[in-house]
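K.L.:
Here's my sequence, what's the structure:
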Amino acid sequence: MRLLCVMLALFLIGCGPAADSQLQRIRQQGVLNVVTRNSATTYYHGPFGPTGLEFDLAAGFARHLGVRLKIHTADTVAGILHAIESGDADLAAAGLTVTQQRKAQVSFGPRYQYITAQLVYRTGTPLPDGLAQLRGNLEVVADSSHAEILRSLRDEYSNLSFEENESLESEQLLQLVWEQVIDYTVADSNEVAYTRRFYPELRVAFDLSPASPLAWAFPRGEDRSLISEAETYFGELRASGDLDQLLEHYYGYVSDFDYVGTRRYMRHIEQRLPRYERWFKQAGKHVGEDWRLLAAMGYQESHWDPDAVSPTGVRGIMMLTRRTMEHIGMDADRSDARSSIEGGARYLATVKERVPATITEPDRTWMSLAAYNVGFGHLQDARELAREAGANPDRWVDVKKFLPLLSRKKYHRNTRYGYARGIEPVRYVENVRTYYDILVWTTERDVAPVPVSPGLSVDSPVL
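P.N.:
Numbers count the residues shown, from 1 in each chain. Just a heads-up that it's a prediction; the model follows:
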């Protein structure tokens with residue numbers, strides 16, 4: 001009888017409910033735990049709150065699942081992978097390259113971006129033709145895909161020597177190359193494109209790898225429920241065009257690198273901006289805008305020259321027309337730097353008030369800049385063209401494709417405000433964004449970073 005009871009108990013246990021899958025547990029708990037790293041290409045706190053490509057992708061996935069997003073940050077690649085292996089995070093969204101070595105530690109989800117590993121040096125350092133010609137010290141991030149690539153090349157290049165840095169990220173190593181503390185580093189092509197705007201003397205010597213995929217990392221095992229759902233999510237992003245729009249949003253405006261212009265801009269930050277900084281700050285405070293955005297606009301308009309005059313009669317640091325000054329209720333000399341800056345700030349504020357409430361930040365700011373440049377009516381025409389084409393009229397990455405069409409008769413003849421040189425506001429916005437990024441970096445690089453909570457809870461925004 002005792003044996004029969006034991007057998008019956010074991011039978012009942014075996015017939016009990018199956019263990020919940022990882023996807024079911026996440027939905028029951030209502031939280032998606034994601035580990036990432038603080039960097040410009042993944043996740044950081046920007047002027048409009050948490051941002052970054054990986055953050056936006058993870059936030060969209062949490063929304064897709066109907067749960068909250070909880071971000072965890074790790075200081076090293078090894079720490080990110082450990083968080084997945086130990087079960088401290090559900091997935092890693094950290095710009096991880098898919099490599100053979102990492103496949104032994106984690107499972108990878110769908111590929112969403114391709115990058116190349118590039119050897120980077122600074123102008124003045126001899127340009128190497130290949131790894132055999134390196135004459136100096138080479139440092140890479142410890143446990144990175146770059147270190148894995150270099151280790152695999154040691155059989156071919158027996159004299160190849162490099163150091164794995166366990167305390168610095170790729171962006172910091174790029175800075176050390178620029179400061180000539182080290183001679184070379186290896187970085188992903190997207191990081192190089194983004195960072196060269198701040199360190200314009202950096203150069204790419206050559207690619208170390210063919211195009212390699214980036215993907216999210218998941219725990220290894222038979223339970224692939226969360227990976228399958230991520231595949232569905234990324235499939236929907238591709239089909240809707242949202243994935244391409246996100247990549248364009250974060251990298252589209254940094255692709256046109258101008259060494260001479262960037263170097264000149266950084267020199268003007270040191271030599272010209274101090275004369276007008278306090279007035280940009282005052283104007284920004286008056287209208288509730290980041291003063292650095294106003295300064296970036298002023299540089300795009302006049303290179304911070306109060307005596308600048310265009311062939312069409314606009315003048316001053318913010319290049320305002322007499323009619324614009326009258327519109328905002330100012331009767332002042334447009335060549336007076338303080339008045340011009342205040343006038344530009346007021347005009348931007350009036351334009352921004354007209355932007356529909358459906359447009360959220362940062363698109364609201366980019367749309368306002370476009371309207372500041374070309375006129376609010378033409379912006380509305382471009383938004384209507386986008387709507388008619390099935391694009392999203394509330395997203396800058398969509399609208400900027402339709403603004404240039406306003407110079408074509410086929411399109412502008414059916415719009416309310418007619419012809420416009422629509423390519424100009426697109427260039428204007430993209431240039432201001434770059435100047436703004438550089439100015440934010442310049443003003444904050446010597447400020448101690450604000451500690452980020454290892455468990456920051458963030459409600460998922462709408463992609």
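
K.L.:
what ranges do the strands span in the protein?
P.N.:
In the chain, the strands defined using DSSP state E lie at 31-36, 44-46, 49-51, 68-73, 91-97, 107-115, 117-122, 138-141, 163-165, 184-188, 202-207, 212-218, 456-458.

K.L.:
I'd like to know which of those is closest to residue 435.
P.N.:
Distance to residue 435, taken as Cβ to Cβ, is lowest for strand 44-46 among the strands of the chain, at 15.5 Å. Using the backbone N, CA and C atoms, a C-beta is placed for each residue, glycine as well.

K.L.:
pLDDT averaged over the closest one, what's the number?
P.N.:
For strand 44-46, the mean per-residue pLDDT is 75.

K.L.:
do the same with stretch 221-237
P.N.:
Rounded mean pLDDT across stretch 221-237 is 95.

K.L.:
contact partners of it?
P.N.:
Identification of contacts with stretch 221-237 by Cβ atoms under 8 Å, 6 or more residues apart in numbering yields 21-24, 26, 57, 60-61, 64-65, 90-91, 107, 109-110, 112, 216, 218, 242-243, 246.

K.L.:
residues contacting the closest residue to residue 178 other than its chain neighbours?
P.N.:
If the residues on either side of it in the chain are set aside, residue 178 comes closest to residue 199, at 3.9 Å by Cβ to Cβ, 6 or more residues apart in numbering. Residue 199 sits next to 174, 175, 177, 178 when contact means Cβ under 8 Å, 6+ apart.

K.L.:
any chance of those residues in JSON lines, plus distance to residue 259?
P.N.:
Formatted as JSON lines, those follow (distance: Cβ to Cβ, whole Å):
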{"residue": "174", "distance to residue 259": "15"}
{"residue": "175", "distance to residue 259": "17"}
{"residue": "177", "distance to residue 259": "16"}
{"residue": "178", "distance to residue 259": "13"}
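
K.L.:
between the residues you listed, which is nearest residue 157?
P.N.:
So of the contacts of residue 199, ranked by how close each gets to residue 157 (Cβ to Cβ), first place is residue 177, at 20.0 Å.

K.L.:
Distance check, that closest one against residue 289.
P.N.:
35 Å (Cβ to Cβ, to the nearest Å).

K.L.:
These two: who's more crowded?
P.N.:
Neighbour count, other Cβ atoms under 10 Å: between residue 177 and residue 289, residue 177 has more, with 25 against 20.

K.L.:
so the more buried one touches residue 187, yeah?
P.N.:
No. Distance between residue 177 and residue 187: 9.2 Å, which falls outside the contact criterion (Cβ atoms under 8 Å).

K.L.:
Can you check which residues contact both of the two?
P.N.:
With Cβ under 8 Å, 6+ apart, residue 177 and residue 187 have common neighbours residue 120.

K.L.:
so what's residue 275 up against?
P.N.:
Residue 275 is in contact with 304, 337, counting by Cβ under 8 Å, 6+ apart.

K.L.:
can you rerun that using 10 Å?
P.N.:
If you count contacts by Cβ atoms under 10 Å, 6 or more residues apart in numbering, residue 275 has them with 304, 306, 337.

K.L.:
Now do the residue lying closest to residue 207 once chain neighbours are set aside: how many residues are near it, please.
P.N.:
Nearest residue to residue 207, sequence neighbours excluded (Cβ to Cβ, 6+ apart): residue 116, at 4.7 Å. Using other Cβ under 10 Å, residue 116 is surrounded by 16 other residues.

K.L.:
same deal with residue 342?
P.N.:
Neighbour count of residue 342, defined by other Cβ under 10 Å: 22.

K.L.:
My read is that it contacts residue 318, right?
P.N.:
Yes. Taking contacts as Cβ atoms under 10 Å, residue 342 lies within contact range of residue 318: 8.9 Å.
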